[in-house]
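**Q** Here is a sequence together with a model predicted from it:
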Amino acid sequence: MDLFLKGKTAVVTGASQGLGRAITKELAMEGVTVLAVARNESLLNELKAEVAAAGGVVPVTLVQDFVAVDGPQKIAAAAFDKLGNIDILINNAGRSRPLDVVGADEDWYASLLLDFERHRQLTQQFLPHFMERKQGSVLNITSTYELRSINASGVFKASLVMWSKQLAGELGKYGIRVNCLQPGLLDTENVRRFFTPEQRKAFAEREMPLGDFGEPQDIANMATFLVSPRAKYVTGTVATVDGGWNRYAF
């Protein structure tokens, strides 16, 4: 299926590894020129080499700390300078942050910055541009936020969802779509911290109808569709890719 993405431009944060890396590669294979943003220059260079070897559009890279005070401004400035018009923004950066019932303020504030505030600020850097052009697609990568233990990231990713729905309601008249993508448990470094191989196998067999954790490519596939013109009538929604883990009946 042609997703009609060839020639488009995109900005992806947290692009050097995990979900962001997979999303960047998939977009590049569909003909999108991506500004791939991350802190690790060597991983970004490896990403460029992988995309080139696979025959995709080689990403433009930016080494930038997303949570720096001027991070959103620097990312946006680089995007306009290097890509010109921007068609797609994928807010991917984030990190699970489990806390005790009484969590330290600095941990809550750090998660607020990484998992909500900087995404809001970066998006607002691009919204006037999208509104003027009467087009644009914003995709916010959330997390499994319906948890039974305290996780600051889950709290602020849930806030990201509510804000995204509000944006979708305001921006539809400009032809701008805003969606969220909620990953389940995936085989990434961020998730491997919490499961031994034996624990992963037992948990997946007990909780997931499809029997195992997913892979970053599973998220990349859905993300690429959601930002493409093929999804032109999809906005204000949360797409879940979790192997059937999330459920509301027990």
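**A** Looks like it arrived, so ask away.
**Q** And stretch 49-59, what's buried?
**A** Glu50, Val51, Gly56, Val57, Val58, Pro59 (16 or more other Cβ atoms under 10 Å). Where you see a C-beta, it was placed from the backbone N, CA and C, and this is true even at glycine.
**Q** so of the residues you listed, which ones are in helices?
**A** Judged by DSSP state H, the subset of the buried residues of stretch 49-59 located in helices is Glu50, Val51.
**Q** State the pair within the buried residues of stretch 49-59 that is farthest apart.
**A** Farthest pair in the buried residues of stretch 49-59 (Cβ to Cβ) is Glu50 and Val57. Separation: 12.5 Å.
**Q** Spatially central residue in this protein, please.
**A** The residue lying closest to the centre of the chain (Cα atoms, centre = their mean) is Asn92, at 2.5 Å.
**Q** mind listing what that residue touches?
**A** With contact taken as Cβ atoms under 8 Å, 6 or more residues apart in numbering, Asn92 is in contact with Val12, Thr13, Gly14, Ala15, Leu19, Gly20, Ile23, Ile141.
**Q** Can you pull out the low-pLDDT segments for this protein?
**A** Applying pLDDT under 70 to the chain flags residues 145, 247-250.
**Q** Tell me the backbone dihedrals of Ala76, please.
**A** Reported as degrees, to the nearest 10, the phi and psi values for Ala76 are phi -60, psi -40.
**Q** Which residues are in contact with the spatially closest residue to it that is not a sequence neighbour?
**A** Residue nearest to Ala76 in three dimensions, not counting chain neighbours: Gln125, with 3.6 Å by Cβ to Cβ, 6 or more residues apart in numbering. Taking Cβ under 8 Å, 6+ apart, we find Gln125 in contact with Pro72, Gln73, Ile75, Ala76.
**Q** Just the buried subset of the residues you listed, please.
**A** Listed as buried from the contacts of Gln125 are Pro72, Ile75, Ala76; burial here means 16+ other Cβ under 10 Å.
**Q** just to revisit the earlier point, among the contacts of Asn92, which ones are in strands?
**A** Those of these mapping onto strands are Val12, Thr13, Ile141, per DSSP state E.
**Q** and the gap between the closest residue to the last one other than its chain neighbours and Phe225?
**A** Counting by Cβ to Cβ, 6+ apart, the nearest residue to Ile141 once its immediate chain neighbours are dropped is Asn92, at 4.5 Å. Distance from Asn92 to Phe225, counting by Cβ to Cβ, to the nearest Å: 16 Å.
**Q** And for Lys165?
**A** As defined by Cβ to Cβ, Lys165 lies at a distance of 19 Å from Phe225.
**Q** Next: Glu207.
**A** 26 Å.
**Q** do Leu167 as well
**A** Distance, Leu167 to Phe225, using Cβ to Cβ: 20 Å.
**Q** Identify each buried residue in stretch 211-228, please.
**A** 213-214, 216, 218-220, 222-228.
**Q** so how far is that stretch from its chain's centroid?
**A** Put simply, stretch 211-228 sits 11 Å off its chain's centre (Cα atoms, centre = their mean, to the nearest Å).
**Q** Show me the helices in this structure, by range?
**A** Ranges of helices within the chain are 18-29, 41-54, 71-83, 105-112, 118-133, 152-171, 189-192, 197-207, 216-226, based on DSSP H.
**Q** Tell me which of the ones you listed is the most buried.
**A** Per residue and on average, the most neighbours among the helices of the chain fall to helix 18-29, with a mean of 26 (mean count of other Cβ atoms under 10 Å).
**Q** list the helices and strands that one packs on?
**A** Counting contacts by 3 or more Cβ pairs under 8 Å, 6 or more residues apart in numbering; DSSP states H and E, helix 18-29 is packed against strand 9-13, strand 33-38, helix 41-54, strand 88-91, helix 216-226.
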